[in-house]
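Colleague: coords below, sequence missing:
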């Protein structure tokens, strides 16, 4: 983990008592072991034995060669000051193989606890891949929105041939053209009432002629849901590059009360019918929900992210990056129950997290 990028170090050259990489590794290991705050990271460091501090890269001091641990305040200052791109570079495993990106899902989340009197809550836009691993994350600047940030987030990624899914906010002409024309990727975008003209055009299609259908039924979260997917191939549609439009109808029945509801959404894609069947579109839409269930929900329930009081500097996005790093490594290690996996690591907090993150002995 890390490739010695001391150029990212935000501290002045004088007074650096601890290597930047050692501090970043320590913070990441503490989060993997369940730490939710700077105070918890500091407590983990205070209890870390000498062999752990040696693996992390903390240097020996004095004639006895004792390795002192950094304080909570030192870790806090570095996490708040460190550029998020630098933190991501330091946490990236050396020699990590590049995985072909087949499917990407983009979604945003506000860290509610980071709100102050003078500043709105930090809003983070994240992208996960087909293996539910977070690929990139960006803090949306205040007084703006996710729309231009998605293009910025994907600009540096090789997403040739990948299918990008996003919610209705990103159903924009500029985004579709960027994906298809510049990035040579594909899109599956949701259409809702926030685009009234486009929504009306989708509704006006001859859905009675749609002979291609797909049915999917699921039970969970206290309800039974059936998804009926109808697809029409289109040409000269009032949105660039669209080759197919899908109508997804979701009748739901609450198990406890028997209450029934019905929701209809539309989906547009540049993929032709030869490359995307109704079942493929249904899977893409369902896969998009994974970023909420497998990233945002886990960070909230396991690390209590929404109530985190980390507010200043780059703290909110960097703490989220540390949690994302933990999730990525846990999933790469085969963990399916993340809470159980973190609990297991917490029983040996000064060895197992280091092993998981690939820190050499």
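Modeller: All right, it came through fine. Remember, predicted model here, so these are calculated numbers, not experimental data. Numbering: from 1, shown residues only.

Colleague: CA only for contacts and neighbour counts going forward, please
Modeller: OK.

Colleague: how close does the most far-flung residue of the chain relative to its centre sit to residue 132?
Modeller: Here the chain reaches farthest from its C-alpha mean at residue 63, the gap being 45.9 Å by CA atoms, centre = their mean. If you measure residue 63 against residue 132 using CA to CA, to the nearest Å, the figure is 48 Å.

Colleague: and if you look at residue 271?
Modeller: 22 Å.

Colleague: Surely residue 268 forms part of a strand?
Modeller: Yes. Per DSSP: H, G, I helix; E, B strand; the rest coil, residue 268 lies within a strand segment.

Colleague: give the contact list for the nearest residue to residue 155 once chain neighbours are set aside.
Modeller: The shortest distance from residue 155 to any non-neighbouring residue, by CA to CA, 6 or more residues apart in numbering, is to residue 183 (7.9 Å). Contact analysis of residue 183 by CA atoms under 8 Å, 6 or more residues apart in numbering lists 155, 158, 159, 160.

Colleague: So which of those residues are in helices?
Modeller: Among these, the ones falling in helices (DSSP state H) are residue 155.

Colleague: and the longest helix for this structure?
Modeller: helix 315-332.

Colleague: buried stuff in it?
Modeller: Buried residues in helix 315-332, counted by 16 or more other CA atoms under 10 Å: 315-331.

Colleague: Determine how far it lies from the middle of the whole chain.
Modeller: With CA atoms, centre = their mean, to the nearest Å as the basis, helix 315-332 stands 9 Å off its chain's centre.

Colleague: returning to that earlier point: now the residue farthest from the centre of the chain, what's its secondary structure?
Modeller: coil.

Colleague: show me where pLDDT drops low in the stretch 1-150 of the chain?
Modeller: Across the stretch 1-150 of the chain, the ranges flagged by pLDDT under 70 are 1-6, 93-101.

Colleague: What are the boundaries of the strands in it?
Modeller: All strands of the stretch 1-150 of the chain, identified by DSSP state E, counting those that start in this stretch, fall at 103-111, 122-128, 134-140.

Colleague: Let's verify residue 274: helix, strand, or coil?
Modeller: Following three-state DSSP, we place residue 274 in the coil state.

Colleague: Phi first, then psi, for it.
Modeller: Dihedral pair for residue 274: phi -70, psi -20, per degrees, to the nearest 10.

Colleague: Please report how far it lies from residue 206.
Modeller: Distance, residue 274 to residue 206, using CA to CA: 21 Å.

Colleague: Neighbour count for those two, which is higher?
Modeller: When residue 274 and residue 206 are compared on other CA atoms under 10 Å, the one with more neighbours turns out to be residue 206, at 9 against 6.

Colleague: Local confidence estimate at that one?
Modeller: Turning to residue 206, the model gives it a pLDDT of 94.

Colleague: Repeat that for the one 5 residues further on.
Modeller: According to the prediction, residue 211 has pLDDT 80.

Colleague: Then the one 10 residues further on?
Modeller: With respect to pLDDT, residue 221 scores 68.

Colleague: is the residue nearest to residue 268 when sequence neighbours are not counted in a bridge, and if so with what?
Modeller: Of all residues not flanking residue 268 in the chain, residue 245 sits nearest, at 4.6 Å (CA to CA, 6+ apart). Counting by DSSP bridges, residue 245 is bridged to residue 232, residue 268.

Colleague: got the contact list for residue 40?
Modeller: Neighbouring residues of residue 40 by CA under 8 Å, 6+ apart: residue 30.

Colleague: Number the chain from 27, please
Modeller: Sure, I'll start numbering at 27, so the last one becomes residue 66.

Colleague: how close does it sit to residue 74?
Modeller: Counting by CA to CA, the gap from residue 66 to residue 74 is 12 Å.

Colleague: Residue 298 too?
Modeller: Distance from residue 298 to residue 74, counting by CA to CA: 56 Å.

Colleague: Among the two, which residue is more densely surrounded?
Modeller: For residue 298 versus residue 74, neighbours defined as other CA under 10 Å are more numerous around residue 74 (18 against 14).
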